[in-house]
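1. Pasting a predicted model and its sequence here:
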Amino acid sequence: MMAHITGQFDVAISPETLSDTAAQSGLGRLSLNKRYHGALDASAQGEMLSVRASVAGSAGYVALERVDGTLDGRRGSFYLQHSGSMTRGTPTLSVTVVPDTGTGQLLGLSGSLAIRIEGGKHYYDFSYDISEVQ
């Protein structure tokens, strides 16, 4: 049965150096350092690749982040996979738990996370399930 939690998170984003091959592609590379608060009490680190289109307000990004802490009191870690795009100012975003990356008491974790930005603050809405691993 899916559980639903919500909370706030802080994020610091820093530019990183691209490989020689990627530097020629027009991509951007950023490191992510996050702190989740609430029922997801965790820290996360990851990397993002992004590109801006020649049309204003259009862009895309992909990212992976490792989340380590507690989820509704269960300790462990897992990975989140992001895929986002912006079409002339209209965003779409998918953030999902990478299958079979849960560790510790989060073994069998699956789910998806939505991100909201309101009043300059970041919020998450996380729907998840923890199934018995066979």
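-> Looks like it arrived, so ask away. The shown structure was predicted, so the numbers you read here are calculated from the model rather than taken from an experiment.
2. Can you pull out the low-pLDDT segments for the protein?
-> Confidence mapping of the chain against pLDDT under 70 gives the ranges 134.
3. For it, which segments count as strands?
-> 3-15, 28-36, 40-52, 59-71, 74-87, 90-97, 109-118, 121-130 (DSSP state E).
4. The fourth one: which residues count as buried?
-> Within strand 59-71, the residues scored as buried using 16 or more other C-beta atoms under 10 Å are 59-61, 63-67, 69-71. (Glycine included, C-beta is placed from N, CA and C.)
5. and Leu18, how many neighbours does it have?
-> Neighbour count of Leu18, defined by other C-beta atoms under 10 Å: 15.
6. So the residue lying closest to it once chain neighbours are set aside versus Ala63, what's the distance?
-> Ranked by C-beta to C-beta, 6 or more residues apart in numbering and with sequence neighbours excluded, the top spatial neighbour of Leu18 is Arg29, at 4.9 Å. Separation of Arg29 from Ala63 (C-beta to C-beta, to the nearest Å) stands at 10 Å.
7. And Tyr36, by the same measure?
-> 15 Å.
8. Kindly report the same for Pro99.
-> Per C-beta to C-beta, Pro99 is found 17 Å from Ala63.
9. Please apply the same query to Ala114.
-> From Ala114 to Ala63 the distance is 15 Å (C-beta to C-beta).
10. Kindly report the same for Gly108.
-> 23 Å.
11. what do you get for Val51?
-> The value you get for Val51 to Ala63, if C-beta to C-beta is used, is 13 Å.
12. swap in Ser110?
-> From Ser110 over to Ala63 (counting by C-beta to C-beta), the distance is 19 Å.
13. How about Gly38?
-> For Gly38, the distance to Ala63 - C-beta to C-beta - is 21 Å.
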